[in-house]
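>>> Show me how the following folds:
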Amino acid sequence: MKNIKEPVRLRAFKAAFPHTIPILAGFLFLGFTYGVYMNVSGFSFWYPMLMSLTVFAGSVEFAAVNMLLGAFNPLQTLALTVMINARHLFYGISMLDKYRGCGIKKLYLIFGMCDESFSINYTADIPKDVDRGWFMFFVTLLNHIYWVSGATLGGIFGSFIHFNTDGLDFVMTAMFVVIFLEQWLKEKNHAGSVLGLVLSAVCLCIFGADGFIVPAMVLILLVLTLIRRPLQRRGDMI
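Below you'll find the predicted structure:
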């Protein structure tokens with residue numbers, strides 16, 4: 001049985017790894033920056049290493065630095081964490097069908113789902129001879145490893161390396177632009193993508209840059225749910 005399963009996992013790994021190469025560059029940079037930030041804030045490298053391993057939520061991890069340095073306030077921490085990562089509720093709803101039938105791997109897929117893993121697993125064109133569950137598992141695992149590695153290295157070498165980290169966060173923005181463009185090229189019709197852009201722009205104007213993400217995702221989910229069948233009949237959604 002072991003000899004049968006190993007090629008399946010290896011084939012899935014080989015198919016998943018190329019999709020994660022852009023994430024590798026972004027996560028190493030940002031993870032390293034996070035590790036440096038923790039180091040200059042007075043924490044040893046164990047903190048960014050263990051937090052990136054167990055929390056695995058970049059925005060929350062950056063915000064957690066001030067929480068750890070401030071007064072103990074678990075309710076405020078819970079509220080801030082939910083607010084920052086509320087978008088994952090919609091990611092989870094979108095992945096219900098894709099995670100079905102993945103067995104025990106589903107537990108790790110749920111834990112390790114970040115923006116980048118969601119984008120790849122939701123949009124990737126998985127070859128027919130590759131096991132879907134193992135493909136998504138390796139995408140999630142590799143991205144997790146990249147982030148932990150970057151954070152740990154930053155925590156270790158942060159006290160020895162001094163550089164200006166302004167602008168490094170744009171790496172992830174650029175990566176999402178590339179993912180969006182790849183998805184755009186795959187679509188036969190761009191109705192869904194254009195709708196998402198328009199609704200996001202409307203929410204940006206109404207709620208501002210700091211508060212538009214959750215309202216935009218709620219609005220996009222509602223509108224796409226209402227018009228999903230007409231779009232599918234026309235072939236506008238993949």
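>>> Please count neighbours and contacts with C-alpha atoms only from this point.
OK.
>>> So for Leu181, what's the pLDDT?
Looking at Leu181, its pLDDT is 77.
>>> Residue nearest the middle of this structure, spatially speaking?
Nearest to the mean C-alpha position of the chain, by CA atoms, centre = their mean, lies Asp115 at 1.9 Å.
>>> Need the pLDDT of that one.
87.
>>> ok, now which ones touch it?
Residues counted as contacts of Asp115 (CA atoms under 8 Å, 6 or more residues apart in numbering): none.
>>> okay, how far is it across stretch 90-106, tip to tip?
End-to-end distance of stretch 90-106 (CA to CA, to the nearest Å): 17 Å.
>>> Ok, stretch 203-222 next?
Start-to-end span of stretch 203-222 (CA to CA) is 14 Å.
>>> Can you give me the buried ones in it?
Residues of stretch 203-222 classed as buried by neighbour count (16 or more other CA atoms under 10 Å): 203-204, 212-217, 219-221.
>>> Could you give the average pLDDT over it?
Regarding stretch 203-222, the rounded mean pLDDT is 81.
>>> do stretch 146-163 as well
The average pLDDT within stretch 146-163 is 87.
>>> what's the spacing between His144 and Met217?
Distance of His144 to Met217, given as CA to CA: 24 Å.
>>> returning to that earlier point: can the buried residues of stretch 203-222 go into a markdown table with extra columns for secondary structure and distance to Ala16?
Putting those into a markdown table (DSSP: H, G, I helix; E, B strand; the rest coil; distance: CA to CA, whole Å) gives the following:
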| residue | secondary structure | distance to Ala16 |
| --- | --- | --- |
| Cys203 | helix | 34 |
| Leu204 | helix | 34 |
| Phe212 | coil | 32 |
| Ile213 | helix | 28 |
| Val214 | helix | 29 |
| Pro215 | helix | 32 |
| Ala216 | helix | 30 |
| Met217 | helix | 27 |
| Leu219 | helix | 31 |
| Ile220 | helix | 28 |
| Leu221 | helix | 28 |
